[in-house]
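**Q** make a model of this:
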Amino acid sequence: MLTIIERESFKELKGKSLIVGFPGMAFVGKAVADVLINKLSLKEIAEIYSYEAPASIIVDKGRMTLPSIKIFSSPNVDVAVLTASYQPQSEEAQNRLAHEILRKLSDAGIKMVISAAAYVSPETPEKRRVFVAATEERLVEEFVANGCVPMDGGISGLNGLLPAIAEVYGIDGVALLGETGELFVAGGLVDYYSATEVIRVLSSYLRLNVSLDDIIEKAKEVEESIRKAIARSAESEEKRGGEPFTHM
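**A** Numbering: from 1, shown residues only. Got it, this is the predicted structure:
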């Protein structure tokens with residue numbers, strides 16, 4: 001069950017493409033959503049509270065905030081963005097939430113759902129690829145023409161479910177997966193390089209004008225911190241004579 005607080009009318013979403021970015025591996029989807037909200041000056045038009053949300057709250061300097069799902073848009077652009085601070089943990093809850101959200105989006109007239117997520121490779125590639133999966137072959141071909149690689153395998157979580165289930169409600173669905181490395185996933189780090197490559201594809205396909213210079217600088221900072229951490233670890237290992245370090 002959902003409780004929806006509309007800041008603006010859902011009619012504002014009619015005919016638009018919705019970009020989805022829930023938190024996931026290397027936070028690629030969430031980073032894509034947050035960057036687009038900021039760069040396109042989108043405003044919050046709806047806040048969704050779900051029974052599937054975590055049974056906890058966020059407190060910042062004494063101020064309580066409920067976990068929620070938010071939709072952002074603007075009359076000046078042909079896209080909207082849906083993001084959240086959480087994903088439900090159970091498969092049943094994720095499926096139920098996806099259907100409930102898509103039912104509302106279908107009624108609002110959304111024409112396409114494009115999610116952003118991560119494609120994890122064992123090593124972190126210098127040049128991140130963007131993989132595509134879609135509900136129609138023609139959509140795959142369109143995104144391949146914009147620099148994507150057709151994907152094989154599976155996608156877990158709402159970043160995969162929402163575009164896939166969208167077809168049930170008569171909405172085109174696409175998932176764009178930015179390549180990242182296991183190091184980012186294991187370290188809980190944001191792969192901004194991966195996010196920028198996904199945004200480049202979105203900008204090309206949807207004709208968006210998004211400057212990414214400051215995001216690339218963030219990406220450089222994250223990778224530099226990784227290099228320094230690896231160097232410190234190697235130095236410590238050398239000082240210990242290569243013996244494993246353990247805690248009792």
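**Q** isn't Ile165 up against Leu102?
**A** Yes. Taking contact to mean C-beta atoms under 8 Å, the distance of 5.7 Å between Ile165 and Leu102 places them in contact. (C-beta placed from N, C-alpha, C; glycine too.)
**Q** looking at the two, which one has more neighbours?
**A** Leu102 (24 against 19; other C-beta atoms under 10 Å).
**Q** now the more buried one: which helix or strand?
**A** Taking DSSP states H and E as the criterion, Leu102 maps to helix 91-108.
**Q** pLDDT of that helix, averaged?
**A** When the per-residue pLDDT values of helix 91-108 are averaged, the result is 95.
**Q** centroid residue for the protein?
**A** Relative to the mean C-alpha position of the chain, the nearest C-alpha, by C-alpha atoms, centre = their mean, is the one of Gly29, at 1.3 Å.
**Q** in the helix ranked longest in the chain, which residues are buried?
**A** Longest helix in the chain, counting residues (DSSP state H): helix 213-239. Along helix 213-239, the positions that meet the burial threshold by neighbour count (16 or more other C-beta atoms under 10 Å) are Ile215, Lys218, Ala219, Val222, Glu223, Ile226.
**Q** rebuild those as CSV, extending it with distance to Ile48 and pLDDT.
**A** Supplementary listing: the buried residues of helix 213-239 in CSV, determined by distance: C-beta to C-beta, whole Å; pLDDT from 0 to 100:
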residue, distance to Ile48, pLDDT
Ile215, 27, 94
Lys218, 28, 93
Ala219, 30, 92
Val222, 30, 91
Glu223, 35, 87
Ile226, 35, 85
